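S.K.: sharing a sequence plus its predicted fold:
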Amino acid sequence: MPDATRSTFVPADAITPERDITHAHFAPGDRIVVIKGVDEGTLWGEAMTVVTPSWHTPTNEDGWRLRNPDGGARSFITGHPRYLVHLSAACPDCLIYQRALQDYLVPKFPGSEAVDVGWYSITELNQLVHVADGRAGRR
């Protein structure tokens with residue numbers, strides 16, 4: 001996937017904040033993706049591996065420590081379960097969520113350019129934060 005551009009239009013996300021997914025839905029070793037945007041009519045995101053439970057400070061709820069296989073300065077981040085989607089096609093809950101995001105986002109970005117919709121940032125504590133959550137403005 002080519003580098004994504006940051007959209008100047010950030011659509012409101014009414015889907016992720018309302019997602020009712022428990023911490024127990026994920027387990028160490030699970031391969032997940034955090035959906036970040038649209039590329040040529042499909043969703044794209046960052047694929048990671050669930051490592052261990054970790055407190056998600058911005059939401060004050062249980063989260064997961066995630067490992068980015070590409071490494072770099074942010075090899076490990078902590079994310080809330082509602083941000084995560086199983087990469088396995090056998091997970092009905094994640095497929096329903098993914099389909100809802102696709103139905104919502106794809107029509108808003110019909111071009112062929114990869115677009116980051118700007119819903120996530122990373123805090124100074126390497127916490128992945130959705131714009132609808134507590135301390136989302138920090139990087």
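M.R.: That came through, no problem. Numbers count the residues shown, from 1 in each chain.
S.K.: next one: stretch 90-107 to chain centre, how far?
M.R.: 12 Å (C-alpha atoms, centre = their mean, to the nearest Å).
S.K.: using CSV, write out every CA atom in that stretch.
M.R.: Output of stretch 90-107 as CSV, limited to C-alpha atoms (Å, rounded to 0.1, in the frame of the first residue of the first chain):
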residue,chain,number,x,y,z
ALA,A,90,-13.9,-16.6,11.2
CYS,A,91,-14.8,-13.8,13.6
PRO,A,92,-18.4,-12.7,13.1
ASP,A,93,-18.2,-9.8,15.5
CYS,A,94,-15.2,-8.3,13.8
LEU,A,95,-16.7,-9.0,10.3
ILE,A,96,-19.9,-7.1,11.3
TYR,A,97,-17.8,-4.1,12.5
GLN,A,98,-15.6,-4.2,9.5
ARG,A,99,-18.5,-4.2,7.2
ALA,A,100,-20.2,-1.3,9.0
LEU,A,101,-17.0,0.7,8.6
GLN,A,102,-16.7,-0.2,5.0
ASP,A,103,-20.3,0.8,4.2
TYR,A,104,-19.8,4.1,6.0
LEU,A,105,-16.3,5.1,4.8
VAL,A,106,-15.8,3.8,1.3
PRO,A,107,-18.5,6.1,-0.3
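S.K.: now the longest strand seen in the chain: how far from the chain's centre is it?
M.R.: Of all segments of type strand in the chain, defined using DSSP state E, the longest is strand 42-56. Taking C-alpha atoms, centre = their mean, one finds strand 42-56 lying 7 Å from the centre of the chain it belongs to.
S.K.: show the pLDDT at G79.
M.R.: You'll see G79 listed with a pLDDT of 97.
S.K.: contact partners for it?
M.R.: V34, H56, G63, W64, L66, Q127, L128 (C-beta atoms under 8 Å, 6 or more residues apart in numbering). Using the backbone N, CA and C atoms, a C-beta is placed for each residue, glycine as well.
S.K.: from the residues you listed, which land in strands?
M.R.: Those of the contacts of G79 lying in strands (DSSP E): V34, H56, G63, W64, L66, L128.
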